[in-house]
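A.B. asks: quick check, what structure comes out for this input:
(one chain, ligands or ions: 1)
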Amino acid sequence: MKVLRTPIVAVLGHVDHGKTTLLDRIRRSNVTAREAGGITQHIGATEIPLSAIKEICKDIWNVNVVIPGLLFIDTPGHKAFTNLRRRGGALADLAILIVDINEGFKPQTEEALMILKTFKTPFIVAANKIDKIPGWQSNEGMPFMKSYAMQDEVVRQRLDNRIYELIGELYQRGFSADRFDRIRDFTRNVAIVPISALTGEGIPELLMLLVGLAQRYLEKSLRLHVEGKARGTVLEVKEEKGLGLTFDAILYDGTLRVGDRIAIGGVEGVIVTHVRGILRPRPAKEMRLESRFKSVESVTAAAGIKVVAPDIEGVLAGSEFEVVESDEDIKAFEQRIKQEYQEIAIETDEEGVVIKTDTLGSLEALINEFRELGIPIKKADVGDITKKDVVEASANRDELNRVIIGFNVKLLPGVEEEAAKYGVRIFTDQIIYSLIDNFTQWRDEEKRLRERQKIESIIMPGKIQLLKNYIFRRSKPAVVGVKVLAGELRKDVKLIKPDGTPAGVVRSMQKSGENISVAREGDEIAIAIDGVTIGRQLEGDEVLYVDVPERHAKVVERELMETLSENARSAFREFLDIKRKDNPFWGK
Ligand SMILES: Nc1nc2c(ncn2[C@@H]2O[C@H](COP(=O)(O)OP(=O)(O)OP(=O)(O)O)[C@@H](O)[C@H]2O)c(=O)[nH]1
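C.D. replies: The predicted structure is shown next:
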């Protein structure tokens, strides 16, 4: 028979949308479910064996399942998710994205989605707090479909409307989703299960779908070597009274035994030690006993355990460990950890921003998102922000890249002063989504500002008509009424005639008796022109063009055409024709 390991499930979602309540509810479940097969408490995780899931779902159970159950990681949230890694990705095999159905999407919902996308983790959306929908009649622990059928028509409508909103939100972010009972192909669609973590409604469907998803998609990766090499992820290192230093871990592969030699990722490289003891929590009813743990000889994945081992001071939370039998094994482990780190932490683009994060997982998610946005990355690494980072960021040619993005990291002393000195901007946040949002907003605003500055310093095309009936003075300077036919006219620009000959410099402009510095398409104004005499170089009724300097004309033609009106564009083309009549390469 195929032996599949227990899939590991994480719960993600915005603050207060109900992650903890859902985990609590699943942990407590109803009494019969607990008696049915023991929902067992692990270290850092809760296991619901298949028998207990079947009991919770008994009204609707219709699947053929060979996975042994589900293991929920007890620490909810994206941090737990991105911190806990295993070979090439996140520790969790599956995720529940919990969204308060009455509030909809929030920043951390966005963030969770982003992370799930990065790690390609299959997930189900739990639309929580349906009991708060006005008029909802709660039915403790009932399957959603059954409880839904018992609600008033208007209440059902209210719920459906909110589900549609969620579908819309997910659609905008590239996910096709629907209420679970309307989905046929779960490979293409994200299922939304309406639940109440408080009353337990919908939890039967949620669990059953998770089991179904695991069974369908993960068979290959779950078909592990329960007998193979033990591998796991460290949750945290903890001092335990009477035991000394221990580490809590999730074993995701193989069987770990007391006496096994293990290699673990540490602050300063790989640590090699051996398992002195494996502890599991005592069942709740034995809680009064002296110790909270019981010692076991071996344990099989997936499981949450506490490991007693010597020399583990430097062990890094979130890193992997593996049983090693020989020196080659240790080397291979070191190599793999290094390679994985190198694959993620990058030092590539010559020009780009600097990214610093707290963990490899969050680094991976951020890099992924920046790549998708097309923002260059010069350096990405785990750790606090240092002066060296400031120096690297400041070496960028483009100011838009003189930026450090910090997720959940500190600024080391002196960094702020250094950044101010070198004109480096630092963005930090504890939500990836807001971090990216703040940065891109700044970047967009900065770009707009530049564009404006560029436009303001560039002499833009313009075409004017002299008005013969409004000649106020013939020379020194000539003062004459004009109409701006296209583009704009500024003080101090030179003018030319359609044959390319110079027609003086605009010294000043007046509109309705007021001095102005710029006139736009359609304006009728009086201008003073230096360097010409009306009756000699000018008749006083001709069309004139702004003499855009060659360097400016290049910029206009290459970059600013889109900012011009239709009229200004054709006036500019006429102007270029004049200039290129004798020199076809003018302004090219
Ligand atoms: N009415 C109702 N309230 C709920 C439900 N689920 C959670 N709550 C309440 O919502 C509040 C927040 O729930 P938590 O479970 O603490 O939310 P969380 O997502 O774990 O929040 P953080 O741990 O702060 O991120 C609590 O007051 C819960 O009692 C539900 O299904 N219905």
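A.B. asks: lowest-confidence helix or strand of this structure?
C.D. replies: Here the helix or strand of the chain ranked lowest by mean pLDDT, DSSP states H and E is helix 31-37, holding a mean of 52.
A.B. asks: distance from the chain centre to whichever strand or helix holds Lys468, please.
C.D. replies: Using DSSP states H and E, Lys468 sits in strand 462-473. Relative to the chain's own centre, strand 462-473 is displaced by 58 Å; criterion: CA atoms, centre = their mean, to the nearest Å.
A.B. asks: helix/strand/coil for Asp16?
C.D. replies: At Asp16, secondary structure determined by DSSP: H, G, I helix; E, B strand; the rest coil is coil.
A.B. asks: got phi/psi on it?
C.D. replies: Main-chain torsions, Asp16, degrees, to the nearest 10: phi 70, psi 10.
A.B. asks: next: Pro498.
C.D. replies: Backbone geometry at Pro498, expressed as degrees, to the nearest 10, gives phi -60, psi -20.
A.B. asks: neighbours around it, how many?
C.D. replies: Neighbours of Pro498 under the rule other CB atoms under 10 Å: 15. C-beta here means a position set from N, CA and C on the backbone, and glycine is covered the same way.
A.B. asks: for it, what are its contacts?
C.D. replies: With contacts taken as CB atoms under 8 Å, 6 or more residues apart in numbering, Pro498 has the following neighbours: Glu542, Val543, Tyr545, Glu574, Ile578.
A.B. asks: quick one, what contacts the closest residue in space to the first one that isn't next to it in sequence?
C.D. replies: Leaving out its chain neighbours, the residue that sits closest to Glu542 by CB to CB, 6 or more residues apart in numbering is Leu466, at 5.7 Å. Listed by CB under 8 Å, 6+ apart, the contact set of Leu466 reads Val480, Gly481, Val482, Leu538, Glu539, Gly540, Asp541, Glu542, Val543, Leu544.
A.B. asks: show me where the stretch 51-200 of the chain has strands.
C.D. replies: Assigned strands in the stretch 51-200 of the chain, in chain order: 69-73, 85-86, 89-90, 94-100, 123-128, 177-179, 190-194 (criterion: DSSP state E, counting those that start in this stretch).
A.B. asks: so where is the stretch 101-250 of the chain shaky, pLDDT-wise?
C.D. replies: Within the stretch 101-250 of the chain, the stretches with pLDDT under 70 are 220-227.
A.B. asks: helices of that one, start to end?
C.D. replies: Along the stretch 101-250 of the chain, counting by DSSP state H, counting those that start in this stretch, helices occupy 107-119, 144-149, 153-172, 203-217, 219-222.
A.B. asks: enumerate the positions of the third one that are buried.
C.D. replies: By that I understand helix 153-172. Val155, Arg156, Arg158, Leu159, Arg162, Ile163, Leu166, Ile167, Glu169, Leu170 (16 or more other CB atoms under 10 Å).
A.B. asks: hmm, the fifth one is touching Pro134, no?
C.D. replies: No: the pair Arg162 and Pro134 does not pass the contact test of CB atoms under 8 Å, sitting 11.2 Å apart.
A.B. asks: from Thr20, how far off is whichever residue of the stretch 251-400 of the chain sits closest to the ligand?
C.D. replies: The nearest approach of the stretch 251-400 of the chain to the ligand comes at Ser362, 16.9 Å away (CB to the nearest ligand atom). To Thr20, Ser362 is 21 Å away according to CB to CB, to the nearest Å.
A.B. asks: any chance you could map the strands in the stretch 251-400 of the chain?
C.D. replies: Using DSSP E, counting those that start in this stretch, strands in the stretch 251-400 of the chain cover 255-257, 261-266, 269-274, 277-281, 293-296, 298-300, 303-308, 320-323, 353-357, 377-382.
A.B. asks: how distant is the second one from the center of its chain?
C.D. replies: It refers to strand 261-266. Its chain's average C-alpha position is 31 Å from that of strand 261-266, according to CA atoms, centre = their mean.
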